[in-house]
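>>> Here is my input, please return the structure:
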Amino acid sequence: MVCASSHRLRTSGSCRFSLASAFAVTLAAAFTTGCGMKPGSNGNTAAGNTAAVILASSTANDQLSAYTVTINSLTLTSQSGATVDVINTPVTEEFIHVNGHVEPIGLVNIPQGTYVSASATFGQSTPVCSALISGGINSDFMAANPSATVNLTQPISVTGGTMGLLLDLQVNQLATPCSAGSVPAVTSTFNLTSMAIASSPTNSSNGLAVGLEGTVASLAAGGAGMSVDALVSSQTPPVWQVLFNSSTVFQGVSGASELALGIPVDMDVAIQPDGSLLATRVETIGVSKTNLTLVNGHVISVATSAPVALVLGAAQMGYLGPTPGPFGYANFSNAQFQASGQFENLTSLPFTASFDSANMLAGQEVTATTQATQMVGGPTYSPLTTVTLSPQTINGTVSAVSTSGDFTTYTVSLAPYDLFPQFAVQPGQTTLLTNPSTVTVYVDNSTQMLNTGTIGVGGLFRFYGLIFDNNGSLSMDCAQVYNGVTE
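Reported below is the predicted structural model:
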C-alpha cells in the first residue's frame, strides 16, 4: 500500500503498511455495502470479481447551498442482462460539499464484465436554496423528484482488482434564480462512470478523498485505525473504516492513542489497491465530546452588535440531532477559530491568510461544534465551541490572469446568486466586502489541475480551496481546479 502525496498533505517516511490479519477481519465485519466498505470477508477480492469503491461527487454551479439525497438502492445491468446490487442498504450523502471532488459511500464486489445500464431508488431528497428576498434572509428547503435518473455516459468495463464507481449528481441549472423567490422543481440526475485508482493517489480523479468529516465511532486495538460516522443530516450516513500507518499525519493530537470515541475529525484518505482506506491526515476538530453537535454549512450573516453568526447547516449530527436546515444564530465569543489543516501553505501566500472572529464572512463554509443542549435565542444565544474554516468550491468566469510571487492568480467573477455577493453586503455585519462578486484565486505548482484546456480570460471553471477576507476582498488558497458549470 502506497501513501498519497498531494497539494496540502504532509507525508514523511515509508508509506508501506502491513495490515494485521486480526484487524482485517474486524474491519471486514464492520463494513456493509452502501454505508461502509467491504471488499470481502478477508479484505481480498474474490476471483473474477473487482472491488468497486462507490464515490459520491457533484457537478454544480453556485445556485444551491446544499443537496442531501438518500440512495436506497443502485443496480447495474450487464450486457447479458445480469444484474448486480451495488447499493442495497440506504445511504445518505450531501452532494454540494463534494462539488468537483469525491467522498466514499461504499464498496462492493462486482463480477467482471461490461455493464450497460443502471437503475436506482431514492428516499428523501432535499435541495437547499439560500437567497436575500425583499431584504430578508430566505432558505428554501425544496422537495426534489424522488424518481431520479442514473445515466451511464458509456458502458462500464469492470476489470482488475480495484476500481472506482463515480456517482456524480448533475445539479441542474435552475430556470429562475433563487433570489426571485419562486424556485422551480429540482430533478436529481446522476452520471455513473468508472474511475481508475492510482497506486499512489494524488487527487480526486485517481483515488484521493480530502476533507472527510465526522465523528469517531470505534477504534481498533493498537492504534491500527478507526471507523468514522460521516457528517450527514441523516440516520444512514456513510461509515468510513480507515487504516493508519507510520506516515499518517495527526493534527490536534500527537497520535492515534489520543483519539477517543465521539471526537469530531477531519481527514484525507487514499484508496488502497485492495479498496481499503488509508488515512494520510487526521485532524481533530475539537476534543470535547460532551453533548457534542457537529455542523457544516455556510455562514449567512455575522452581526456587528453582538458576537453572533447565523449558520446554514447543510449537514448536522450529534446531540441536537441530524436535522438539516438553518442551524441558527449562535454566539462565537468564546469559540476557538482555526482553518482546516488540509492546507499547509498558508504562511507562504502573498497575503495574510487569517480566519478569526474579526474577519469571518457571510458566504464562507465552516464546520462548527457546540455543547449546547438546545438552541437558545437572544440576547445570549447558544455558544459555539469551535469554528473551523472549511474548503469550498466556487464556480465562476476568469476575468484576469496574473502572477504573485510563486503563485499564478486568477481573478474570478461570481454569478449574482452566489452567497458572497448576496450575503456579504448586508448592513449591520462586522465585515463588508468592497467587491463581493470577485475572488482572487491563488494557484501554485502543487495545485491539482483537473480541468481540461488552458485557463484563460473568459473561461468558466470551478475552484476548490479556502476563502479568506483579504482586507475587504476575497482571496482563495486553491487546492484543485475543475471545468466549470453553466451559470
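
>>> Mind listing what's buried along stretch 401-416?
407-415 (16 or more other C-beta atoms under 10 Å). All C-beta atoms are positioned from the backbone trio N, CA, C, and that covers glycine.

>>> Next: stretch 387-399.
387-398.

>>> Quick check: residue 162 touching residue 108?
No - contact criterion C-beta atoms under 8 Å: residue 162 and residue 108 do not qualify, at 11.5 Å.

>>> coming back round to it: quick one: which of the buried residues of stretch 387-399 is nearest residue 61?
Set against residue 61, the nearest of the buried residues of stretch 387-399 by C-beta to C-beta is residue 395 (4.5 Å).

>>> can you give me phi and psi for the residue lying closest to the closest one once chain neighbours are set aside?
Closest residue to residue 395 apart from its sequence neighbours, by C-beta to C-beta, 6 or more residues apart in numbering: residue 61 at 4.5 Å. Backbone torsions of residue 61, given as degrees, to the nearest 10, read phi -90, psi -160.

>>> show me what contacts residue 285?
213, 252, 264-266, 294, 367, 369, 386, 388 (C-beta atoms under 8 Å, 6 or more residues apart in numbering).

>>> Can you lay out those as TSV showing distance to residue 454?
Shown next, in TSV, are those (distance: C-beta to C-beta, whole Å):
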residue	distance to residue 454
213	34
252	39
264	40
265	38
266	33
294	40
367	34
369	42
386	40
388	34
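
>>> Just the buried ones among the residues you listed, please.
Among these, those scoring as buried are 213, 252, 264-266, 294, 367, 369, 386, 388 (criterion: 16+ other C-beta under 10 Å).

>>> pLDDT wise, what is residue 309 at?
What the model reports as pLDDT for residue 309 is 81.

>>> which residues does it bridge with?
Judged by DSSP bridges, the bridge partners of residue 309 are residue 302, residue 330.

>>> Look up how far residue 87 lies from the residue lying farthest from the centre of the chain.
Note on the chain: the largest C-alpha distance from the chain mean falls to residue 80, namely 36.5 Å (C-alpha atoms, centre = their mean). Per C-beta to C-beta, to the nearest Å, residue 80 is found 21 Å from residue 87.

>>> and the longest strand for the protein?
Among the segments of the chain that qualify as a strand by DSSP state E, the longest is strand 113-133.

>>> Would you indicate which residues of that one are buried?
Going by neighbour count (16+ other C-beta under 10 Å), the buried part of strand 113-133 is 113, 115, 117-118, 120, 122, 124-132.

>>> helix, strand or coil for residue 347?
Following DSSP: H, G, I helix; E, B strand; the rest coil, the label given to residue 347 is helix.

>>> To which secondary structure element is the nearest residue to it once chain neighbours are set aside assigned?
In this structure, residue 347 finds its nearest non-sequential neighbour in residue 353, 7.8 Å apart by C-beta to C-beta, 6+ apart. In the assignment (DSSP states H and E), residue 353 maps to no helix and no strand.

>>> Residue 353 against residue 478, yeah?
No - using C-beta under 8 Å, residue 353 is not in contact with residue 478; the gap is 12.0 Å.

>>> starting at the chain centroid, how far to the longest strand of the chain?
16 Å (C-alpha atoms, centre = their mean, to the nearest Å).

>>> Dump it to PDB, keeping only the CA atoms.
What follows is strand 113-133, C-alpha atoms only, in PDB (Å, rounded to 0.1, in the frame of the first residue of the first chain):
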ATOM      1  CA  GLY A 113     -17.700  -7.700 -17.300                       C
ATOM      2  CA  THR A 114     -19.300  -4.900 -19.200                       C
ATOM      3  CA  TYR A 115     -22.300  -3.100 -17.700                       C
ATOM      4  CA  VAL A 116     -24.600  -1.000 -20.000                       C
ATOM      5  CA  SER A 117     -27.300   0.500 -17.700                       C
ATOM      6  CA  ALA A 118     -28.100   1.400 -14.100                       C
ATOM      7  CA  SER A 119     -31.200   1.900 -12.100                       C
ATOM      8  CA  ALA A 120     -31.700   3.300  -8.600                       C
ATOM      9  CA  THR A 121     -34.400   4.000  -6.000                       C
ATOM     10  CA  PHE A 122     -34.200   7.100  -3.800                       C
ATOM     11  CA  GLY A 123     -35.700   8.200  -0.500                       C
ATOM     12  CA  GLN A 124     -35.700  11.800   0.800                       C
ATOM     13  CA  SER A 125     -34.000  14.400  -1.400                       C
ATOM     14  CA  THR A 126     -33.600  17.900  -0.100                       C
ATOM     15  CA  PRO A 127     -32.000  20.700  -2.200                       C
ATOM     16  CA  VAL A 128     -31.500  24.000  -0.400                       C
ATOM     17  CA  CYS A 129     -31.500  27.400  -2.000                       C
ATOM     18  CA  SER A 130     -30.500  30.400   0.100                       C
ATOM     19  CA  ALA A 131     -31.200  34.000  -1.000                       C
ATOM     20  CA  LEU A 132     -31.900  37.500   0.100                       C
ATOM     21  CA  ILE A 133     -35.600  38.200  -0.800                       C
END
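
>>> Direction included, what does that strand pair against?
Strand partners for strand 113-133, identified by DSSP bridges, are recorded as strand 66-78 (antiparallel), strand 136-141 (antiparallel), strand 156-158 (antiparallel).
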